[in-house]
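S.K.: need coordinates for the below:
(one chain, ligands or ions: 2)
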Amino acid sequence: MTDSFVEKLRERLLFEGLCDVGFSRIEDTVPPDLAQYNYAVTLVYRLSDAVVDEMESSPTYAYFQHYRAANALMDRCALITCEMLRREGAAAYPIAASQSVHDRGDKYTGIYQHKSAAVAAGLGWIGKSALFVSPRHGPRVRLATVLTDAELPCDAGPMESRCGECTLCVKACPSGAILGRNYVRGMAREEIFDAEKCSRHMKQAFGHIGRGAVCGLCMKACPVGSAGFFNAKIPPKDADYMNERIGDKDEE
Ligand code: SF4
Ligand code: SF4
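M.R.: Residues are numbered from 1 along each chain as shown. Ligands and ions are numbered 1, 2, ... in the order given. As a prediction, this is how the structure comes out:
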């Protein structure tokens, strides 16, 4: 794809309300039945701090609605991306912002993992919480992905974990689902996170809010991207800076 198309796509998606867009090659993470798609466009939406910060020991009705509205926006932006790619002659396959499927051997997974493409695009890392963490927005984001056969510019390399010694999400999780290990590329999700424990707790404790489909306490607990951590102007350049800041927060 030409630079001008990529710029046009980015501008359109930012206009729609997204906070970031990334491009990556995905041969090593795309499932065999989608192997004709070598590239991915990652769409990122920043959730409302006002809604996230209101949560204390439980998700709120406002958070559940915000989560659903954000997913709807992501799905719309994925369709716009597909159509823009189609008009350029490329094939494009949208991955829903939030959809678990039950034919892939893991009932807590989707058709394709948004995090895989987002990390490969250099937009952030996988935190101890198993959430995608952007250096600028933390885990306070929703993701969607469009797979495509169009060649896209993929200049950034994958981002390694910057969680360091922080354990705030581990302490905040009421279910014990976050095992406390730093994610290293190639690890299975199960090595850092127990999806069954997380899901069971959400259904048992928060069934009255969105039938137990949301929690978000680990997201709220993460200092990265939260107010006061840094003001979303200059992303940290290195792990030492991140660890120093996270260390400060952990001692409060
Ligand atoms: S969503 Fe809630 S239960 Fe699940 S890992 Fe995060 S804090 Fe724990
Ligand atoms: S709370 Fe700390 S350990 Fe958990 S994802 Fe955020 S930075 Fe990483």
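
S.K.: so what's the residue count around residue 115?
M.R.: A count of neighbours around residue 115, defined by other Cβ atoms under 10 Å, yields 23. For the C-beta atoms, the positions are set from N, CA and C on the backbone; glycine is no exception.

S.K.: am I right that it sits in a helix?
M.R.: Yes. Checked against DSSP: H, G, I helix; E, B strand; the rest coil, residue 115 lies within a helix.

S.K.: apart from its chain neighbours, what residue comes closest to it?
M.R.: Closest residue in space to residue 115, ignoring its immediate chain neighbours: residue 132 at 4.5 Å, by Cβ to Cβ, 6 or more residues apart in numbering.

S.K.: now swap in residue 185 and tell me
M.R.: The spatially closest residue to residue 185, leaving aside those adjacent along the chain, is residue 158, at 6.6 Å (Cβ to Cβ, 6+ apart).

S.K.: surely that neighbour touches residue 184?
M.R.: No. Counting by Cβ atoms under 8 Å, residue 158 sits too far from residue 184 to count as a contact (11.3 Å).

S.K.: compare those two (neighbour count), which wins?
M.R.: Legend: neighbour count by other Cβ under 10 Å for residue 158 and residue 184, higher for residue 158 (16 against 11).

S.K.: show me what from this protein comes close to ligand 1.
M.R.: 129, 172-175, 177-178, 198, 201-202, 215, 217-218 (Cβ under 6 Å from any ligand atom).

S.K.: try it again with 5 Å
M.R.: Counting by Cβ under 5 Å from any ligand atom, the chain comes close to ligand 1 at 173, 175, 177, 198, 201, 215, 217, 218.

S.K.: is the fourth one in a helix, a strand, or coil?
M.R.: The three-state label given to residue 198 by three-state DSSP is helix.

S.K.: tell me the contacts of it?
M.R.: 173, 175, 177, 215 (Cβ atoms under 8 Å, 6 or more residues apart in numbering).

S.K.: tell me the confidence at it?
M.R.: For residue 198, the pLDDT comes out at 93.

S.K.: check the third one too.
M.R.: Note on residue 177: pLDDT of 96.
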